[in-house]
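Asker: okay, here's the prediction I keep looking at, along with the sequence it came from:
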Amino acid sequence: MIKRLPLAVAALFAVSLLAADAPDLTMQTRIRQEGFHNSKVMETASGLMDGVGARLTGSPNMKRANEWTMKRLQDFGLTNAHLESWGPFGRGWSYESSNVRLVSPDVAELAALPLAWTPGTNGPVRGKAVKVKIETVADLEKYKGKLAGKVVMLGDPRELKPHEKAEFERYDEAALQKLGLYELPTQRQGRFTREEAVKRRQLFVERLKFFAEEKPLAIVVSGNGDFGNFHVQSAGSQRPNEQYPVPSVSMTDEHYDRIVRLIDAGKEPEVELDIKTTYYDSDPNQYNTVAEIAGTDKKDEVVMIGAHLDSWHGGTGATDNGAGVAATMEAVRILEAIGIAPRRTIRIALWSGEEEGLLGSRAYVAQHFGSRPLLKPEEAAMPLTLQKRGPLALKPEQAKVSAYFNLDNGTGKIRGVYAQENAAAAPLFEAWLAPLHDLGATTVTMRNTGSTDHVSFDEVGIPGFQFIQDDVEYFQRTHHTNYDTYERLQRDDLMQAAVVMATFVWEAANRPELLPRKPLTKE
């Protein structure tokens, strides 16, 4: 027969369990005073976005960003500030200039930027634009012998329609309540299956070979945006021999659609491109920026906080993820400025290679904490969630890390935290959030979230968490686009995020025990 505790006794037990995790309100007052009355978050943001600029992993700007953030963390008073190398990453790349024009039947400047890892034009080149649609390997045969010297408009134009609602969005109470409900694994819809990923990979490889043989003058893809913004990512990858062999650009839909309409009307439009790019092959390694606030009686134990420093090159990487970097750096600045040393060491890490597959954080975790090796080299080209990996091998440092907290969903304020199915951590987070409700941070959800660097820690049994943020205009407007610039940052939101993060890191660094962990299966 199962005996149940009376409700009053059960409640008392729960209260006593969390008594040691009651938030330090005196410290929270000091964090708020420093974070809201002496904020440096926008100063840091401007230095990174305006002073350094875009930070594609493998570019000179990425290394400049590593060095700039290291120096700024040192200036904040953090110790052991250094760069940790990892690799090999592959080819470095940057672009210096891009000029794309319609030259016939009209003359017009076209809004377009080169896709990462593609070559330049070696001066101005002109060619007739042709429309091409390649969705399967079989489609390649239709265009054999027809593309040499042509500017290939790759893919259908997209119909642009008026927006039915404002794109600036924040969570309301109903949305937060829904987010707080657990989502069964069977309810989660992946982007595609492993079989579909293998087909996509095969098409990519065959398309590379096809373009190398056919020698089109250039490739243009639709930027999938509107009002002049467009997505700018890569054509191919940094891995050897995986770059598009001809100059390739992303173009705003308004301009892309016009050229396709001219083709359909039989006007034979001509496009001119003048693009300068550079490859960097001397150093195959990349770097993460790391620094610490030293602990006291538990200094051999660590609480980590981080964000990814790299970005795409269309804008200046402000909302993705300069916002996370600035808020995270501000969080540790606040704690250092207060002048009270934590019990555990607080370590900040700013990652490179996130956009190419969490490469920087995964390499750091593998070096320090543990890893599951890829079963076959070709698995590296598969999406992270579909990769087949071997058994987990842990290192001694893994047992000393209490938690990792990550910020990577734009400029919006923090509204809560994903507990990543860690039921024992959820009530701790509820307690820590209670004094922050007036700042709009209210929600703890047991749901998982992915696609950013906390996953690297979660994979090896370290409690890794991502904060819930207001979307603002992140996914609809700025994410991976030419509009991702300093102007899209929201100062008040970033100050709030820094205060919330500083609170969480402080509480984790000073509680009696490490944060509770989920069961870990080594196989």
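Answerer: Done, it's in. Owing to the predicted nature of the structure, the values given are computational and were not obtained by experimental measurement.
Asker: check contacts around the spatially closest residue to Ala54 that is not a sequence neighbour.
Answerer: Leaving aside its sequence neighbours, Ala54 sits nearest to His313 (C-beta to C-beta, 6 or more residues apart in numbering; 4.3 Å). Bear in mind the C-beta positions are built from the backbone N, C-alpha and C, glycine included. By C-beta atoms under 8 Å, 6 or more residues apart in numbering, the residues touching His313 are Ala54, Leu56, Ser59, Ser94, Tyr95, Leu113, Ala116, Val232.
Asker: helix or strand: which one has the nearest residue to the last one once chain neighbours are set aside?
Answerer: Computed as C-beta to C-beta, 6+ apart, the closest residue to Val232 that is not its neighbour in sequence is Gly314, at 2.9 Å. According to DSSP states H and E, Gly314 maps onto no helix or strand at all.
Asker: so for Gly314, what's the pLDDT?
Answerer: Gly314 carries a pLDDT value of 97.
Asker: returning to that earlier point: which of the contacts of His313 ranks first by neighbour count?
Answerer: Among the contacts of His313, Ala116 has the most neighbours (other C-beta atoms under 10 Å), with 30 neighbours.
Asker: give me the neighbour count for Leu386.
Answerer: For Leu386, the count of nearby residues is 16 (other C-beta under 10 Å).
Asker: can you show me the strands along the stretch 301-450 of the chain?
Answerer: Counting by DSSP state E, counting those that start in this stretch, one finds strands in the stretch 301-450 of the chain at the ranges 344-351, 370-371, 393-394, 401-406, 414-418, 443-445.
Asker: make CSV out of the ones you listed and add mean neighbour count and distance to Glu183.
Answerer: Formatted as CSV, these follow (neighbours: other C-beta atoms under 10 Å; distance: least, C-beta to C-beta, whole Å):
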stretch, mean neighbour count, distance to Glu183
strand 344-351, 26, 27
strand 370-371, 20, 28
strand 393-394, 14, 29
strand 401-406, 26, 20
strand 414-418, 24, 11
strand 443-445, 22, 9
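Asker: any chance of those strands in a markdown table, plus mean pLDDT and distance to Gly149?
Answerer: Formatted as a markdown table, the strands of the stretch 301-450 of the chain follow (pLDDT from 0 to 100; distance: least, C-beta to C-beta, whole Å):
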| stretch | mean pLDDT | distance to Gly149 |
| --- | --- | --- |
| strand 344-351 | 98 | 42 |
| strand 370-371 | 94 | 47 |
| strand 393-394 | 96 | 53 |
| strand 401-406 | 98 | 47 |
| strand 414-418 | 98 | 51 |
| strand 443-445 | 98 | 55 |
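Asker: between the ones you listed, which gets nearest to Tyr171?
Answerer: Among those, strand 414-418 comes nearest to Tyr171, with 5.3 Å by C-beta to C-beta.
Asker: ok now that closest one, how far from the chain's centre?
Answerer: 17 Å (C-alpha atoms, centre = their mean, to the nearest Å).
Asker: quick one: strands adjacent to that strand?
Answerer: Under the criterion DSSP bridges, strand 414-418 sits next to strand 443-445 (parallel), strand 464-469 (antiparallel) in its sheet.
Asker: and for stretch 31-41, what's in contact with it?
Answerer: When contacts are defined by C-beta under 8 Å, 6+ apart, stretch 31-41 is touched by residues 326-327, 329-330, 333-335, 337-338, 491, 494-495, 498-499, 502-503, 506.
Asker: looking at those, which are in helices?
Answerer: In helices, judged by DSSP state H, the following of the contacts of stretch 31-41 are found: 326-327, 329-330, 333-335, 337-338, 491, 494-495, 498-499, 502-503, 506.
Asker: quick check: PyMOL command selecting the buried ones in those.
Answerer: Applying 16 or more other C-beta atoms under 10 Å to those, the buried members can be selected in PyMOL as follows:
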select buried, resi 326+327+329+330+333+334+335+337+338+494+495+498+499+502+503+506
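Asker: ok, the contacts of His313 vs Val205, which is closest?
Answerer: Nearest to Val205 among these, counting by C-beta to C-beta, is Ala116 at 18.1 Å.
Asker: for the closest one, which non-adjacent residue is spatially closest?
Answerer: Nearest residue to Ala116 in three dimensions, chain neighbours excluded: Ser234, at 3.9 Å (C-beta to C-beta, 6+ apart).
Asker: and the nearest residue to Leu375 once chain neighbours are set aside, how many neighbours does it have?
Answerer: Closest residue to Leu375 apart from its sequence neighbours, by C-beta to C-beta, 6+ apart: Lys388 at 4.8 Å. Residues contacting Lys388 under the criterion other C-beta under 10 Å number 12.
Asker: Phe210 now?
Answerer: Residues near Phe210, counting by other C-beta under 10 Å, number 19.
Asker: any idea how far Ile219 is from it?
Answerer: Applying C-beta to C-beta, to the nearest Å, the value for Phe210 to Ile219 is 11 Å.
Asker: again with Glu141
Answerer: Glu141 sits 18 Å away from Ile219, going by C-beta to C-beta.
Asker: from Ala497, how far out is the closest residue to Ala498 other than its chain neighbours?
Answerer: Of all residues beyond its chain neighbours, the one nearest Ala498 is Glu330 (3.8 Å), with distances taken as C-beta to C-beta, 6+ apart. Counting by C-beta to C-beta, the separation of Glu330 from Ala497 is 8 Å.
Asker: what does Met27 give?
Answerer: With the distance defined as C-beta to C-beta, Met27 ends up 18 Å from Ala497.
Asker: which of the two has more residues huddled nearby?
Answerer: A direct count of neighbours by other C-beta under 10 Å for Met27 and Ala497 places Ala497 higher, at 30 against 18.
Asker: and that one, what does it touch?
Answerer: Neighbour list for Ala497: Ala323, Ala327, Leu407, Lys413, Ile414, Phe467, Gln469 [criterion: C-beta under 8 Å, 6+ apart].
Asker: which of these lies closest to Ala434?
Answerer: Using C-beta to C-beta, Ile414 is the member of these that sits closest to Ala434, with 14.4 Å.
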